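Enquirer: Have a look; sequence and predicted model below, questions after that.
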Amino acid sequence: MEKDSRYALEAYLFVLEAVFFTRRKFKINGHVTGQQLLEGIKDLAQKRYGLMAKVVFEHWGITKTLDFGNIVFNMVNEKILGKTEEDRLDDFNDVYDFDEVFVKNYPLQVNVAHDVEN
């Protein structure tokens with residue numbers, strides 16, 4: 001964060017948690033790809049923050065999937081995360097649109113408990 005202050009500490013912590021979440025989700029014991037991580041980030045954000053995910057991310061300085069790539073590569077540079085020769089920052093570029101995923105196409109889960117009379 002000292003070298004790149006664009007993102008809040010919470011964003012870095014969330015990405016680390018998302019790495020472990022993604023490993024469990026895809027049953028991966030080791031390295032996850034950028035695409036897999038972004039899928040895990042999406043799912044974890046929807047579960048944790050619901051319709052507020054986009055707002056939370058914006059509060060942390062994250063407005064696009066490439067921002068997650070910047071965070072990942074900042075942690076790689078600090079040797080917090082590892083990468084393979086195939087991993088590129090571009091793997092995170094424009095993978096999905098936050099408005100589409102977290103607002104317009106958010107999977108609403110309605111739990112309605114009521115008696116139905118015939």
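Expert: Structure received.
Enquirer: Counting by contacts, list what whichever strand or helix holds Lys47 packs against.
Expert: Using DSSP states H and E, Lys47 maps to helix 34-49. When contacts are defined as 3 or more Cβ pairs under 8 Å, 6 or more residues apart in numbering; DSSP states H and E, helix 34-49 packs onto helix 9-26, helix 53-59, helix 65-77. Every C-beta, even on glycine, is put in place using the N, C-alpha and C of the backbone.
Enquirer: which of these is buried the deepest?
Expert: helix 65-77 (a mean of 19; mean count of other Cβ atoms under 10 Å).
Enquirer: residues in contact with the helix or strand following that one?
Expert: For helix 65-77, the succeeding helix or strand toward the C-terminus, using DSSP H and E, is helix 98-99. Residues outside helix 98-99 that contact it (Cβ atoms under 8 Å, 6 or more residues apart in numbering) are Ala53, Lys54, Phe57, Thr63, Lys64, Thr65.
Enquirer: which ones are touching the last one?
Expert: What that stands for is Thr65. Leu38, Phe92, Asn93, Asp94, Val95, Tyr96, Phe98.
Enquirer: Go ahead and measure how far the worst-scoring helix or strand of the chain on mean pLDDT is from the middle of the chain.
Expert: Every helix and strand of the chain was ranked by mean pLDDT, DSSP states H and E. The lowest is helix 98-99, at a mean of 92. Its chain's average C-alpha position is 12 Å from that of helix 98-99, according to Cα atoms, centre = their mean, to the nearest Å.
Enquirer: Same check on stretch 34-54?
Expert: 4 Å.
Enquirer: Just the buried positions in that stretch, please.
Expert: Residues of stretch 34-54 classed as buried by neighbour count (16 or more other Cβ atoms under 10 Å): 34, 36-42, 44-46, 53-54.
Enquirer: No further questions, thank you.
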